[in-house]
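Trainee: Below are the sequence and a predicted model; questions follow.
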Amino acid sequence: MTFAWYGHLKLQSSGVSSSWPLWLVILFSWGIALIEYSFQVPANRIGFEGNGGPYSLMHLKIMQEVITLVVFVIFSVVFFDNFQLRWNHYAAMLLLVGAVALVFYK
């Protein structure tokens, strides 16, 4: 979802979509989201313990949050020149990784 939610901001700042009306930006983002959902929904379905997979709903959600965070950080560093990670960002990421550890703890 990172590309759907934030990709249009890069397109706008680079001048590609700065004249697009909001409805076109929304449709563009929905198109990207459709592609991303086409991967996420089957992955959740296959991984869910109710369908024979190893993960509970909580496992899937917490993992999704951390995966989204990692993709967001990589995307932001690559595409946005003024993006800077600070100590509090690292601390927040560490807490989220801790959440993954906690959710898998029995």
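Mentor: Good, I have the coordinates.
Trainee: And the next helix or strand past the helix or strand hosting Phe28?
Mentor: Counting by DSSP states H and E, the element that carries Phe28 is helix 22-47. Using DSSP H and E, the helix or strand that follows helix 22-47 in sequence is helix 57-79.
Trainee: buried ones in that next one?
Mentor: 59-60, 62-63, 69, 72-73, 75-76, 79 (16 or more other Cβ atoms under 10 Å). From N, CA and C alone the C-beta is placed, and that goes for glycine too.
Trainee: what do you get for stretch 15-25?
Mentor: Ser17.
Trainee: quick revisit: could you export the buried residues of helix 57-79 as JSON lines, including pLDDT and distance to Ala33?
Mentor: Conversion of the buried residues of helix 57-79 to JSON lines gives the following (pLDDT from 0 to 100; distance: Cβ to Cβ, whole Å):
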{"residue": "His59", "pLDDT": "90", "distance to Ala33": "23"}
{"residue": "Leu60", "pLDDT": "92", "distance to Ala33": "18"}
{"residue": "Ile62", "pLDDT": "86", "distance to Ala33": "21"}
{"residue": "Met63", "pLDDT": "87", "distance to Ala33": "19"}
{"residue": "Leu69", "pLDDT": "89", "distance to Ala33": "18"}
{"residue": "Phe72", "pLDDT": "89", "distance to Ala33": "15"}
{"residue": "Val73", "pLDDT": "91", "distance to Ala33": "20"}
{"residue": "Phe75", "pLDDT": "89", "distance to Ala33": "15"}
{"residue": "Ser76", "pLDDT": "90", "distance to Ala33": "18"}
{"residue": "Phe79", "pLDDT": "88", "distance to Ala33": "17"}
